[in-house]
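Engineer: Based on what follows, work out the 3D shape:
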Amino acid sequence: MVELKKMSDHEFEVWRNRSVASYAAEKVKAGNFKEETAIEESEREFQKLLPQGKDTQDHHLFTVMDEGENVGVLWFHANNEMKENYIFDIEMLESKRGMGYGKQTLQALEELSRDMGMEKITLHVFGHNKTAIGLYTGTGFEPTNIIMSKQL
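Structural biologist: Numbers count the residues shown, from 1 in each chain. You can find the predicted model right below:
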């Protein structure tokens, strides 16, 4: 079973730089950002969500570990009033995908969420990310809203 370890300052900087670029690319692919401004828009969203970096109140950033080896990351926001944890990012390293680490990470988050007194875990997934959708539905997540588009 994986272990959730709080991100170090270095791990946070590496993750943040990679994630800003990755999020920008996903938003372009989904048609939400224009390619020429995607990095700046992504940077603004990250700054808004994490104004104090990894120490932003109610945001939890973890390195996912398996037997001392980094296999991925998890970032969620705890909304104590709604008793809900919202996953902003869960990603396994490219070389560790398809090995059950995503499922184990979600199981670890479920245990942690129960310990925190939460009643629900919520997330957003891009419609084109079929692998992630399969992981989430396979671990009990159900769609609550679906936004659909048609390119003209």
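
Engineer: where in this structure is pLDDT low?
Structural biologist: 150 (pLDDT under 70).

Engineer: Any buried residues in the lengthiest helix in the chain, and which?
Structural biologist: In the chain, with assignment by DSSP state H, the single longest helix is helix 9-29. Buried residues in helix 9-29, counting neighbours by 16 or more other C-beta atoms under 10 Å, are found at 11, 12, 15, 16, 19, 20, 23, 24, 26, 27, 28. C-beta here means a position set from N, CA and C on the backbone, and glycine is covered the same way.

Engineer: which is the next helix or strand following that helix?
Structural biologist: Per DSSP states H and E, the first helix or strand lying C-terminal to helix 9-29 is helix 38-49.

Engineer: Give me the spatial nearest neighbour of the residue most central in space within the chain, chain neighbours excluded.
Structural biologist: Central residue of the chain (C-alpha atoms, centre = their mean): residue 89, 0.9 Å from the mean position. In space, and not counting its chain neighbours, residue 89 is closest to residue 75: 4.2 Å by C-beta to C-beta, 6 or more residues apart in numbering.

Engineer: Counting neighbours, what do you get for that neighbour?
Structural biologist: Residue 75 has 22 neighbouring residues, counting by other C-beta atoms under 10 Å.

Engineer: In which helix or strand does it reside?
Structural biologist: Counting by DSSP H and E, residue 75 is part of strand 69-79.

Engineer: Relative to that strand, what are the paired strands and their orientations?
Structural biologist: With DSSP bridges as the test, strand 69-79 is paired with strand 59-66 (antiparallel), strand 84-92 (antiparallel).

Engineer: buried set for it?
Structural biologist: By 16+ other C-beta under 10 Å, the buried positions in strand 69-79 come out as 71, 72, 73, 74, 75, 76, 77, 78.
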